[in-house]
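Chemist: Any chance you can model this:
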Amino acid sequence: MKFYEYDAKKLFAKEGIPVLEGHVAYSPEQAMEFASDMRSPVAIKSQVLVGGRGKSGGIKFADNPGEAYYAASSLFGMEIKGETVKHLLIEKKANIKREFFLTISIDRMAKKSVIITSSEGGVDIEELAKTNPEKINKFYVNPLEEFLPYQAREIGRKVGVGNDLISSFGSIVWRLFRVFSKYDAQIAEINPLILTEEGLIAADAKLEVENDSLFRHEDLFQLVEFKPKEFSFVKLDGDIAVVGNGAGLTLTGMDVIKYYGGNPATFLDIGGGASENTIEKALNIVLHYDPVKVVFLNILGGITRADDVAKGVIDILNKSKRKPKIVIRLTGTNEEEGQRLLDEAGIPYETSMEKAAQKAVELCNSLKSS
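Modeler: Numbers count the residues shown, from 1 in each chain. A predicted model of the protein is given here:
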């Protein structure tokens, strides 16, 4: 049984192997949301059960949520060695200083498990074995003896990781062997194992478990999906992003935009109890979505506080490099404080949804005609 990268990484993380923060996306919109949530450049990785996806164009990078949307759109439905891409892993893009190769499998000729390492990661190990065999190190594990941490550290020394990394490298080797043994794996692999400012991290994960042993590992079938979305996002064909706190209010905002002759670019419901942080994440999506010329933020504060909304708006506008126009309807709980904050920041607002929607349409039309 082969495991997708994201499931293998969950298992690796459970066993103490460091992995990158990642979330599984089943649509370009979800990829966009996760990229916004991470607030950093991301890697967008096709989830397939075959190798060579990088060489096939199955991995892309994005600096912002808008780029993530378009990169994800190009990957969904793509075929990699006969397998169709149906979901993606969205991870924070790592600042890589060095790459290593680490794999554990069974050498059937030697009738032993073998740990293979190399100071060159992210490569085709079979090709490396032909061109630079001296860069590959093999360690055979005696099946009658326990594999001990000091042996794992010695493997690190032979790879040449440096004295400062021997302990952490050895720990990962030992923990990966524990995964391999505990789950009756045929192969457990990290390629590449990367060195970053945070230390060594499994940038990829491969796990294949012997089918006949699955009856012993019910927990493998209980791997949970990554965290649910914080809000609902739907891409539309217009140029005015509509953001509201509640599905009904967001739909009403879209209707009013249409009434005044505009075309919504998004439906983005941030929910009834949206925090300052949620406001920032939502706006980070629409501010980086290229078709958007104007953002219509429609907030009727109940549980959502107007001052939290104002703080989120101010913060994300200060951070964003792309500056589409924004029209805000803001009223409800703590509205005076929220409106004061917007006044001080020089950001206009309305208390009437109709006036705000009309202004958003007029502003969008003026931008298109200029």
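Chemist: What are the boundaries of the strands in the stretch 51-200 of the chain?
Modeler: Defined through DSSP state E, counting those that start in this stretch, the strands belonging to the stretch 51-200 of the chain, from first to last, are 59-62, 79-80, 83-84, 88-92, 98-107, 112-118, 136-141, 185-196, 199-202.
Chemist: Give me the spatial nearest neighbour of Glu354, chain neighbours excluded.
Modeler: Nearest-residue entry for Glu354: Val256, 6.1 Å, with adjacent residues in sequence omitted and distances by CB to CB, 6 or more residues apart in numbering. Heads up, the C-betas are built off the backbone N, CA and C, glycines and all.
Chemist: What about that neighbour, how many residues nearby?
Modeler: When counting by other CB atoms under 10 Å, one arrives at 22 neighbours for Val256.
Chemist: Mind pulling up the pLDDT for it?
Modeler: Reported pLDDT at Val256 in the predicted model: 96.
Chemist: any idea which element it lies in?
Modeler: Here Val256, judged by DSSP states H and E, is contained in helix 247-259.
Chemist: Check which helices and strands that helix sits against.
Modeler: With contacts defined as 3 or more CB pairs under 8 Å, 6 or more residues apart in numbering; DSSP states H and E, helix 247-259 has these neighbours: strand 240-244, strand 264-269, strand 294-301, helix 353-369.
Chemist: how about these in TSV, adding distance to Asp308, mean neighbour count and mean pLDDT?
Modeler: TSV is the format used below for these (distance: least, CB to CB, whole Å; neighbours: other CB atoms under 10 Å; pLDDT from 0 to 100):
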stretch	distance to Asp308	mean neighbour count	mean pLDDT
strand 240-244	14	29	94
strand 264-269	17	23	92
strand 294-301	9	26	92
helix 353-369	19	18	93
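Chemist: With just CA atoms, put stretch 311-323 into PDB.
Modeler: Extracted C-alpha coordinates of stretch 311-323, given in PDB (Å, rounded to 0.1, in the frame of the first residue of the first chain):
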ATOM      1  CA  LYS A 311      -7.600  46.600  12.600                       C
ATOM      2  CA  GLY A 312      -7.400  43.700  10.200                       C
ATOM      3  CA  VAL A 313      -8.100  45.900   7.200                       C
ATOM      4  CA  ILE A 314      -5.500  48.500   8.200                       C
ATOM      5  CA  ASP A 315      -2.800  45.800   8.900                       C
ATOM      6  CA  ILE A 316      -3.300  43.900   5.600                       C
ATOM      7  CA  LEU A 317      -3.400  47.100   3.500                       C
ATOM      8  CA  ASN A 318      -0.100  48.200   5.000                       C
ATOM      9  CA  LYS A 319       1.500  44.800   4.200                       C
ATOM     10  CA  SER A 320       0.000  44.200   0.700                       C
ATOM     11  CA  LYS A 321       2.100  45.100  -2.300                       C
ATOM     12  CA  ARG A 322      -1.000  45.000  -4.600                       C
ATOM     13  CA  LYS A 323      -3.300  47.900  -3.900                       C
END
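Chemist: ok, and what's touching it?
Modeler: Defining contact as CB atoms under 8 Å, 6 or more residues apart in numbering, one finds that stretch 311-323 is touched by 64, 66, 275-280, 283-284, 287-288, 297, 326, 328, 341-342, 345, 347.
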